[in-house]
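Engineer: Sequence plus predicted model, see below.
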Amino acid sequence: MHVAIAGNIGAGKTTLTRLLAKHYKWEPHFESVTDNPYLDDFYSSMERWSFNLQIFFLNSRFRQILEIRESGKNIIQDRTIYEDAHIFAPNLHAMGLMTNRDYGNYESLFELMERLVAPPDLLIYLRASIPTLVGQIHKRGREFENSISIEYLSRLNERYEAWISKYTKGKLLIIDIDNLDIVEKQEDLGSIIDRIDAQIHGLF
């Protein structure tokens with residue numbers, strides 16, 4: 001089984017991935033953040049490094065999906081290849097931070113990759129308001145994220161909502177996280193697990 005968690009920067013994807021992997025004994029696949037050679041440069045000069053960053057993520061995510069398929073294991077994945085292609089890259093292009101030429105190249109590469117990958121059996125989308133995202137970003141204290149603007153997060157949130165409203169590739173579970181604390185409140189995590197159980201039982 002392949003379960004994936006989607007959501008904006010600071011939505012809590014990595015935390016939920018870790019907690020669900022522990023609960024279900026699934027193998028977690030995390031986003032490449034610490035070993036990403038472009039992130040620091042990107043946040044200091046988005047226009048210069050946007051294409052490089054998105055190609056790195058696309059390559060990393062494509063490799064992940066192939067490994068998931070070949071492993072035959074139950075996997076939970078932190079962020080999907082679809083978010084790169086439908087949210088982050090087009091947002092950078094719309095903001096004038098990725099050229100038409102680079103974006104066209106990116107889209108062509110994604111379309112080729114998409115033919116070769118299977119969507120997750122279950123997609124979990126973490127919906128969060130801007131204040132929640134900002135609070136969680138500040139709490140984790142990644143230096144390269146200090147320059148992320150509220151406008152940038154808002155643009156991403158709008159694109160997430162547009163994408164998820166049209167998502168038809170498989171089972172979808174939407175979780176509003178604004179009033180949840182899955183780390184400190186066991187009952188909040190339990191309520192999510194109950195909803196996932198209901199979805200998983202419907203897969204078989």
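Structural biologist: On my side now, so go ahead.
Engineer: What is the neighbour count of residue 96?
Structural biologist: Neighbourhood size, residue 96 [other Cβ atoms under 10 Å]: 10. For every residue, glycine as well, the C-beta is placed using N, CA and C.
Engineer: and what of the one 3 residues further on?
Structural biologist: Applying the criterion other Cβ under 10 Å, we find 14 residues in the vicinity of residue 99.
Engineer: so what's it closest to, chain neighbours aside?
Structural biologist: Of all residues beyond its chain neighbours, the one nearest residue 99 is residue 51 (7.7 Å), with distances taken as Cβ to Cβ, 6 or more residues apart in numbering.
Engineer: show me the contacts for that neighbour.
Structural biologist: 98, 99, 102, 105, 106 (Cβ atoms under 8 Å, 6 or more residues apart in numbering).
Engineer: Drop anything exposed from these.
Structural biologist: Buried by 16 or more other Cβ atoms under 10 Å: 98, 102, 106, out of the contacts of residue 51.
Engineer: Could you point out which of those residues is nearest to residue 129?
Structural biologist: residue 98 (26.9 Å; Cβ to Cβ).
Engineer: Please report the residue range of the longest helix in this structure.
Structural biologist: Longest among the helix segments of the chain by residue count, using DSSP state H, is helix 46-71.
Engineer: And it, how far out from the chain middle?
Structural biologist: How far helix 46-71 lies from its chain's middle: 12 Å, per Cα atoms, centre = their mean, to the nearest Å.
Engineer: try stretch 175-186
Structural biologist: On Cα atoms, centre = their mean, the centre of stretch 175-186 falls 18 Å from that of its chain.
Engineer: got it, and stretch 88-105?
Structural biologist: The answer for stretch 88-105 is 19 Å, by Cα atoms, centre = their mean.
Engineer: What average pLDDT does that stretch get?
Structural biologist: Stretch 88-105 shows a mean pLDDT of 96.
Engineer: Same check on stretch 168-180?
Structural biologist: For stretch 168-180, the mean per-residue pLDDT is 93.
Engineer: in it, what counts as buried?
Structural biologist: Buried, per 16+ other Cβ under 10 Å, within stretch 168-180: 171, 173, 175, 177, 180.
Engineer: ok, so of those residues, who is nearest residue 151?
Structural biologist: residue 177 (21.4 Å).
Engineer: Would you list the phi and psi of the closest one?
Structural biologist: Backbone torsions of residue 177, given as degrees, to the nearest 10, read phi -100, psi 0.
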